[in-house]
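Asker: how does the following fold in three dimensions:
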Amino acid sequence: MIEVRVSDEVRAAIESGRPVVGLESTLISHGLPRPRNLEVAHRLEAVVRDGGAVPATVGIIAGQPVVGLDAGELRALAMTDGVRKCSRRDIALAVARREYGATTVAGTLVLLAAGGVRILATGGIGGVHRGAEQTFDISADLVELARTQAIVVCAGAKAILDLPRTLEILETAGVPILGWRTDELPTFYASNSGLPVTARVESAQDVAAVARAAWDLGTSAGLLVGVPPPPGTTLETEAVERAVADALAGAERRGISGAAVTPFLLGAIAEATGGESVAANLALLENNAQVAAEIAVALAS
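Answerer: Got it, this is the predicted structure:
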């Protein structure tokens with residue numbers, strides 16, 4: 001039987017009831033250029049530690065699923081070419097072929113659940129892509145959120161998505177969206193979307209109380225915590241929308257589809273905003289990791 005390897009530090013934290021925060025690894029292998037990707041991976045782990053929790057970055061190393069990558073394994077995912085991007089459907093392929101795999105939100109939730117970790121910090125979740133009425137392009141993140149008892153801390157859904165339809169699917173799946181000191185769903189680069197959250201929460205204790213109630217009731221769905229980007233890092237909504245529209249048109253002209261769409265769009269938006277979107281992304285990643293650590297501490301207590 002293939003087992004998920006949980007690092008000694010993470011296992012000891014789980015067994016003693018100390019707080020743990022999971023981190024995904026597609027950011028390391030597919031989201032940022034080298035060597036910035038490795039620097040950011042270490043920085044996010046440091047933010048979690050500073051918040052009083054143990055970081056558990058998730059990935060697949062030569063076919064071995066790991067919860068709690070060590071420094072060498074982080075470097076391998078950051079510097080190895082051809083790392084497979086792993087959602088739930090891809091994990092078995094990476095394991096069977098002894099590949100290196102970087103896990104998406106969905107893939108990370110699968111392995112965190114196997115390892116006994118219930119909190120994940122990420123940038124933004126995937127969702128319903130624009131034009132999904134023709135393409136049926138809907139992220140597996142939404143499906144995994146619907147069937148995993150976990151708290152996912154993020155800056156909402158990525159701005160490139162069809163946000164109203166993403167919310168509708170989350171509602172149908174029974175996933176509560178908790179707004180971190182906000183009444184609106186954050187849109188990755190911006191704080192305001194005009195789209196209401198399920199409920200506003202003011203503290204980590206609020207989130208922990210909702211999570212405990214959900215899990216005690218036996219509900220299978222996860223909880224999404226939408227955290228607005230830090231003040232001073234948000235981008236103008238209209239500028240982002242223009243960049244998204246131009247990027248979508250560029251993707252269509254080039255025949256880009258499927259899993260290649262998101263990295264292309266994010267790259268095009270970064271170019272259109274003169275790199276401001278990348279700086280905003282890094283700021284919200286750190287902020288989300290900090291909030292996730294707060295929640296993990298509250299849940300552990």
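
Asker: flag the shaky bits of the stretch 201-301 of the chain, pLDDT-wise.
Answerer: Filtered on pLDDT under 70, the stretch 201-301 of the chain yields the residue ranges 259.

Asker: give me the three-state assignment for the nearest residue to residue 237 once chain neighbours are set aside.
Answerer: Nearest residue to residue 237, sequence neighbours excluded (C-beta to C-beta, 6 or more residues apart in numbering): residue 190, at 4.8 Å. C-beta: built from backbone N, CA, C; applies to glycine. Three-state assignment for residue 190 (DSSP: H, G, I helix; E, B strand; the rest coil): coil.

Asker: show me what contacts residue 190?
Answerer: 159, 229, 234-237, 240 (C-beta atoms under 8 Å, 6 or more residues apart in numbering).

Asker: domain parsing of this structure, as residue ranges.
Answerer: 1-117, 119-301 (automatic domain parsing).

Asker: quick one: buried ones out of the contacts of residue 190?
Answerer: Among those, the ones that count as buried by 16 or more other C-beta atoms under 10 Å are 159, 229, 234-235, 237, 240.

Asker: narrow these to those in helices?
Answerer: Counting by DSSP state H, the buried ones among the contacts of residue 190 place 237, 240 in helices.

Asker: tell me where the stretch 201-301 of the chain has strands.
Answerer: Using DSSP state E, counting those that start in this stretch, the strands of the stretch 201-301 of the chain run over 223-226.

Asker: can you give me how far stretch 255-265 is from the chain middle?
Answerer: 18 Å (C-alpha atoms, centre = their mean, to the nearest Å).

Asker: neighbours of residue 51, just the number please.
Answerer: 21 (other C-beta atoms under 10 Å).

Asker: my guess is it contacts residue 286. True?
Answerer: No - using C-beta atoms under 8 Å as the test, residue 51 is too far from residue 286 to be in contact (10.6 Å).

Asker: gap between the most centrally placed residue in the chain and residue 289?
Answerer: Residue closest to the average C-alpha location in the chain (C-alpha atoms, centre = their mean): residue 122, at 3.1 Å. Distance, residue 122 to residue 289, using C-beta to C-beta, to the nearest Å: 9 Å.

Asker: what touches both of those two?
Answerer: 23, 153.

Asker: buried sites along the host helix or strand of residue 22?
Answerer: Assessed by DSSP states H and E, residue 22 sits inside strand 20-23. If you call a residue buried by 16+ other C-beta under 10 Å, then strand 20-23 has these buried ones: 20-23.

Asker: quick one on the thing from earlier: want to throw the buried ones among the contacts of residue 190 into TSV with distance to residue 184?
Answerer: Converted to TSV, the buried ones among the contacts of residue 190 look like this (distance: C-beta to C-beta, whole Å):
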residue	distance to residue 184
159	14
229	13
234	13
235	16
237	12
240	15
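
Asker: nearest to residue 294, of the buried ones among the contacts of residue 190?
Answerer: residue 229 (16.7 Å; C-beta to C-beta).

Asker: tabulate the contacts of residue 190 (a markdown table), appending distance to residue 140.
Answerer: Formatted as a markdown table, those follow (distance: C-beta to C-beta, whole Å):
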| residue | distance to residue 140 |
| --- | --- |
| 159 | 19 |
| 229 | 25 |
| 234 | 28 |
| 235 | 27 |
| 236 | 31 |
| 237 | 27 |
| 240 | 24 |
